[in-house]
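S.K.: Build me a structure from this.
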Amino acid sequence: MKKKLLQADVFVKYVCLFALFVFTGYSVLAQANPRLTSVAPEDDLATVTITNFGDMAIDMSDYWLCLRPGTYRQISTLNPVGNVTVMPSETVTVSYNVDVGVADDGLSLYVPDTPTNGGFGTASNLIDFVQWGGSGNIRESLAVQQGVWGTGDFIVGSGPYTYSGNGTENGVNFWNACTVDAVAIQLVGGGTEISTCAGDGADDLIDVEVVGTGVGTNNGWVITDNATGEILGLPAAPPFNLEGAGAGICGVWYIRYEDGLTGLTVGADVAGLSGCFDLSNPVLVDRSGVDGAAIQLVGGGTEISTCAGDGADDLINVEVVGTGVGTNNGWVITDNATGEILGLPAAPPFNLEGAGAGVCAVWYIRYEDGLTGLTVGADVAGLSGCFDLSNPVLVNRFTDGDCTLSVSDFDNLGVSIFPIPAKDVLSVQINDVVLGDVDIQLFNMLGQQVKANNGVKSSDAILMNVSDLQSGLYVLYVVNEAGRSASVQQIVIE
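M.R.: Okay, here's the model as predicted:
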């Protein structure tokens with residue numbers, strides 16, 4: 001029995017020793033391995049990525065970067081992006097703006113206790129090193145002693161620079177420069193600047209082409225606001241329609257880039273792009289903006305009828321609704337049937353008394369210099385240049401028997417109007433059923449409709465409350481279903 005207990009005791013000791021050996025062996029073998037894996041030097045800014053190639057987490061907060069001779073910063077003070085406790089295969093990225101050497105510079109990574117354990121001139125404190133654009137960095141000799149860099153070696157080419165090794169591989173052969181090239185672009189047919197008319201409703205197709213052969217895994221197109229650098233669009237391929245872009249100057253760019261590019265987002269600043277990329281030259285598009293806005297009769301509406309040729313002024317008063325856009329502006333009156341430009345009056349109200357029978361259209365126009373075809377007698381469809389016309393206000397101009405009837409003419413049609421002058425109520429009675437359904441409309445002398453009774457039976461008696469109207473002269477229209485109108489002039493409201 002005693003022998004068996006002894007054997008069991010020995011067995012337990014061996015198990016404990018074996019466990020201790022395994023644990024100790026793992027502790028010795030498991031370690032962190034931080035390495036510099038990406039450096040993106042840019043004017044006044046550099047970003048550095050550190051990757052943990054080891055098999056245990058490491059707190060990088062107190063590790064040091066030598067940014068320039070005599071300039072040392074701990075990781076925690078360099079705006080780290082990502083957890084500074086870096087898990088295996090994970091990264092942390094930091095940034096600095098201390099005299100960044102874009103074309104020629106270097107970086108060194110040091111252990112946390114460097115200042116108290118020999119300083120930054122002690123080779124054993126240096127973990128990693130990289131230099132680009134030229135050799136001779138102050139810490140190059142230390143990196144050579146540590147076996148992480150070769151004497152006189154440096155990365156050739158532009159940044160960002162990326163490490164392609166497995167964490168144990170060292171030297172310039174495992175670093176790559178950014179070799180993308182977006183070459184050049186131009187308008188199809190040549191040139192790098194063009195002007196368009198934005199807001200005229202016509203497509204503004206900007207067709208560009210790449211000159212030469214670009215280099216880079218990925219490619220695309222970028223449209224920016226030339227004043228602010230804001231990315232306005234990321235279209236798939238030319239031609240690009242900029243009609244809806246509004247006024248301003250935009251830049252069209254071709255981009256080649258490698259995976260990992262950030263900041264390529266509509267609304268972002270193109271200056272914020274980060275990664276391995278190259279932008280071509282821009283093609284500049286000067287977008288002259290025009291907008292004729294909308295117009296209406298003063299008081300509302302976009303259609304009115306007048307009696308032309310009766311000797312009384314037919315004043316059509318219109319107004320612009322909203323804000324027009326364009327260097328120049330004006331008014332255009334056209335024949336609605338033919339498009340012929342009948343007049344280019346300076347400003348409303350417009351007197352169409354002498355225009356004759358027909359339907360004309362009143363337009364507001366905004367335009368840039370260089371417009372052609374804006375001439376009385378020309379076809380409005382022949383306007384050429386950067387312009388925009390508003391909606392039209394239509395004026396139906398009646399003459400002779402279709403328009404103005406005297407009081408006796410009304411009597412012949414069985415229309416009675418009383419009292420004249422009217423003070424509170426105007427009575428309109430139509431006894432002739434031949435007229436069918438009618439619209440009764442009352443207008444002031446500015447052409448504004450002030451009262452209306454539409455779609456009434458010809459046998460009905462219509463009472464119009466005019467007590468709220470200002471004293472003066474008004475025009476009464478009686479319009480039947482067939483469009484035949486009658487008016488009594490000098491309807492007086494007291």
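S.K.: What about the residue nearest to Glu243 when sequence neighbours are not counted, how many residues nearby?
M.R.: Leaving aside its sequence neighbours, Glu243 sits nearest to Asp204 (CB to CB, 6 or more residues apart in numbering; 4.7 Å). (C-beta placed from N, C-alpha, C; glycine too.) Residues lying near Asp204 (other CB atoms under 10 Å) number 20.
S.K.: What does the pLDDT read for Gln448?
M.R.: In this prediction, Gln448 carries a pLDDT score of 75.
S.K.: so it makes contact with Val298?
M.R.: Yes: using CB atoms under 8 Å, Gln448 is in contact with Val298, at 5.9 Å.
S.K.: More neighbours: which of the two?
M.R.: Counted by other CB under 10 Å, Gln448 and Val298 do not tie: Gln448 has more neighbours, with 18 against 14.
S.K.: Return the residues in contact with Asn137.
M.R.: 105-106, 129, 131 (CB atoms under 8 Å, 6 or more residues apart in numbering).
S.K.: Kindly recompute the last result at 6 Å.
M.R.: 106, 131 (CB atoms under 6 Å, 6 or more residues apart in numbering).
S.K.: and if you look at Gly54?
M.R.: Applying CB under 6 Å, 6+ apart, the residues contacting Gly54 are 31-33, 88.
S.K.: where do the strands sit along the stretch 101-250 of the chain?
M.R.: Remark: strands assigned in the stretch 101-250 of the chain by DSSP state E, counting those that start in this stretch are 105-110, 126-132, 158-163, 175-178, 184-187, 193-198, 205-206, 208-211, 218-225, 231-233, 240-241, 248-257.
S.K.: Out of those, the one nearest Thr93 is which?
M.R.: Distance to Thr93, taken as CB to CB, is lowest for strand 158-163 among the strands of the stretch 101-250 of the chain, at 11.3 Å.
S.K.: Direction included, what does that closest one pair against?
M.R.: Here strand 158-163 is paired, per DSSP bridges, with strand 34-42 (antiparallel), strand 175-178 (antiparallel).
S.K.: Stretch 176-186 spans what distance, first to last residue?
M.R.: Start to finish, the residues bounding stretch 176-186 are 31 Å apart (CA to CA, to the nearest Å).
S.K.: mind listing the helices for the stretch 1-150 of the chain?
M.R.: With helices called from DSSP state H, counting those that start in this stretch, the stretch 1-150 of the chain shows them at 2-29, 140-146.
S.K.: For Gly150, list the residues it contacts.
M.R.: Gly171.
S.K.: Can you read off the pLDDT for it?
M.R.: 96.
S.K.: now do Ile417
M.R.: At Ile417, pLDDT is 78.
S.K.: burial count for it?
M.R.: When neighbours are defined as other CB under 10 Å, Ile417 has 21 of them.
S.K.: just for the stretch 1-150 of the chain, where's the confidence low?
M.R.: 1-29 (pLDDT under 70).
S.K.: cutoff 80 now
M.R.: Within the stretch 1-150 of the chain, the stretches with pLDDT under 80 are 1-30, 43-44, 98-102.
S.K.: In contact with Pro349, which residues are there?
M.R.: Each residue near Pro349 by CB under 6 Å, 6+ apart is listed here: 315-317.
S.K.: so which of the residues you listed is the most crowded?
M.R.: Most surrounded of the contacts of Pro349: other CB under 10 Å gives Ile316, at 22 neighbours.
S.K.: That one and Ala347 touch, don't they?
M.R.: No: taking contacts as CB atoms under 6 Å, Ile316 lies outside contact range of Ala347: 11.8 Å.
S.K.: Ala268: what's it in contact with?
M.R.: So Ala268 contacts Ile231 (CB under 6 Å, 6+ apart).
S.K.: Distance check, it against Val222.
M.R.: From Ala268 across to Val222, the span is 10 Å (CB to CB, to the nearest Å).
S.K.: unless I'm mixing things up, Asp439 is touching Val456, no?
M.R.: No: in this structure, Asp439 is not within contact of Val456 by CB under 6 Å, at 7.7 Å.
S.K.: Need the per-residue pLDDT for the residue lying closest to Pro392 once chain neighbours are set aside.
M.R.: Leaving aside its sequence neighbours, Pro392 sits nearest to Ala361 (CB to CB, 6+ apart; 3.7 Å). We note a pLDDT of 94 for Ala361 in this prediction.
S.K.: One more: Pro392?
M.R.: Pro392 carries a pLDDT value of 95.
S.K.: What count of nearby residues applies to it?
M.R.: The tally of other residues near Pro392 (other CB under 10 Å) stands at 19.
S.K.: if we can go back for a sec, between the strands of the stretch 101-250 of the chain, which gets nearest to Cys276?
M.R.: Comparing the strands of the stretch 101-250 of the chain by CB to CB, strand 175-178 comes nearest, at 3.9 Å.
S.K.: Was I right to think Val130 contacts Thr37?
M.R.: No: judged on CB under 6 Å, Val130 makes no contact with Thr37 at a distance of 9.6 Å.
S.K.: which one of those two has more residues nearby?
M.R.: Val130 (28 against 22).
S.K.: Report the separation between the more buried one and Cys66.
M.R.: 11 Å.
S.K.: Report the buried members of the contacts of Gly54.
M.R.: 32-33 (16 or more other CB atoms under 10 Å).
S.K.: Columns distance to Asn173 on top of the contacts of Gly54, output as CSV?
M.R.: Shown next, in CSV, are the contacts of Gly54 (distance: CB to CB, whole Å):
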residue, distance to Asn173
Gln31, 24
Ala32, 24
Asn33, 19
Pro88, 25
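S.K.: So which of the contacts of Gly54 is the closest to Ile491?
M.R.: Pro88 (95.0 Å).
S.K.: contacting residues for the closest one?
M.R.: Pro88 neighbours (CB under 6 Å, 6+ apart): 52, 54-55.
S.K.: out of those, who's nearest Ala237?
M.R.: For the contacts of Pro88, the nearest to Ala237 is Asn52 (41.1 Å; CB to CB).
S.K.: so who does the closest one touch?
M.R.: Asn52 neighbours (CB under 6 Å, 6+ apart): 32, 34, 58, 86, 88, 90.
S.K.: I'd like the distance between Val362 and Gly311.
M.R.: 22 Å.
S.K.: More neighbours: these two, which one.
M.R.: Val362 (26 against 8).
S.K.: Regarding that one, what is its secondary structure?
M.R.: Three-state call for Val362 (DSSP: H, G, I helix; E, B strand; the rest coil): strand.
S.K.: Who does it form a beta bridge with?
M.R.: Legend: beta-bridge partners of Val362 under DSSP bridges are Ile333, Val393.
S.K.: Quick check: it vs Leu36, distance?
M.R.: Taken as CB to CB, the span from Val362 to Leu36 is 72 Å.
S.K.: try Thr192
M.R.: Taking CB to CB, one finds Thr192 at 39 Å from Leu36.
S.K.: Looking at the two now, which is surrounded by more residues?
M.R.: Leu36 (22 against 15).
S.K.: For the more buried one, list the residues it contacts.
M.R.: 109, 128, 130.
S.K.: in stretch 389-402, what counts as buried?
M.R.: By neighbour count on 16+ other CB under 10 Å, the buried set for stretch 389-402 is 389-393, 395-399.
S.K.: ignore the last one, stretch 41-49
M.R.: Buried residues in stretch 41-49, counting neighbours by 16+ other CB under 10 Å, are found at 41-42, 46-49.
S.K.: and if you look at stretch 318-336?
M.R.: Buried residues in stretch 318-336, counting neighbours by 16+ other CB under 10 Å, are found at 318, 320, 324-326, 330-336.
S.K.: Can you give me the end-to-end span of that stretch?
M.R.: End-to-end for stretch 318-336, by CA to CA: 17 Å.
S.K.: hmm, who's touching that stretch?
M.R.: Contacts of stretch 318-336 (CB under 6 Å, 6+ apart): 289-298, 341-343, 345, 348, 359-368, 380, 393.
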